[in-house]
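>>> got a structure for you, letters missing:
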């Protein structure tokens, strides 16, 4: 994890304080793991910690079955139970949250996470991955981050099922998103 230290000389005593800590939290379903790819890229470029959201009951590995289940889950606002994240959000100043787009909305595990977490007085950046239209995903995510300072958002397009895993959005758009976060850390 990247830490920047500042020192202050006070009558012979040097006081060291760590700067902002950053965490990337994401959910990624498919074998192509588009959202994970972006989350890991952000994590590496910012020197952030990273944590994956995992449903307590995993989704089927059958893509078509998950598409049907995701449609039902999104339509009813289902919030699946998640495995413990393994980090304390209170330890972080900046939190970056990523989700795949499911039926023009955030994935249900991300809905659970955002609905059950406090982002008051945190810097928050949000991104979604999608295969053609992000719908209201990022806007819906923003609404769940009450009290947060939203510092950056991005909607990142990958190829459709036939070209799954192929980045369609320009890399420069991802770099710009990361740059906005870096300036606010």
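In hand now; what should we look at? The structure presented is a predicted model; accordingly, all values stated were derived computationally and were not measured.
>>> what about the spatially closest residue to residue 137 that is not a sequence neighbour, which SS state?
Excluding the flanking residues, the one nearest residue 137 by C-beta to C-beta, 6 or more residues apart in numbering is residue 128, at 4.1 Å. The C-beta positions use only the backbone N, C-alpha and C, and glycine is treated the same way. Here residue 128 is strand, with the state taken from DSSP: H, G, I helix; E, B strand; the rest coil.
>>> do the same with residue 61
Here residue 61 is recorded as coil under three-state DSSP.
>>> count the neighbours of it for me.
10 (other C-beta atoms under 10 Å).
>>> re earlier: which ones are touching the residue nearest to residue 137?
By C-beta atoms under 8 Å, 6 or more residues apart in numbering, residue 128 lies in contact with 98, 99, 100, 101, 106, 134, 137, 138, 141, 154, 155, 156.
>>> could you list everything it pairs with in the sheet?
In this entry, residue 128 is beta-bridged to residue 99, residue 155, by DSSP bridges.
>>> and the pLDDT for it?
pLDDT for residue 128: 98.
>>> that one and residue 47, how far apart?
23 Å (C-beta to C-beta, to the nearest Å).
>>> what of residue 169?
Where residue 47 is concerned, residue 169 sits at a distance of 23 Å (C-beta to C-beta).
>>> residue 29 now?
26 Å.
>>> circling back to that earlier point, of the contacts of residue 128, closest to residue 148?
residue 141 (10.3 Å; C-beta to C-beta).
>>> mind listing what the closest one touches?
Here residue 141 is in contact with 97, 99, 106, 110, 114, 126, 128 (C-beta under 8 Å, 6+ apart).
>>> what's it sitting at in phi/psi?
Per-residue torsions, residue 141: phi -60, psi -40 (degrees, to the nearest 10).
>>> what's around residue 60, how many residues?
Count around residue 60 with other C-beta under 10 Å applied: 11.
>>> tell me who's in contact with the closest residue to it other than its chain neighbours.
Spatial nearest neighbour of residue 60, excluding adjacent residues (C-beta to C-beta, 6+ apart): residue 66 at 5.5 Å. By C-beta under 8 Å, 6+ apart, the contact set of residue 66 is 29, 59, 60.
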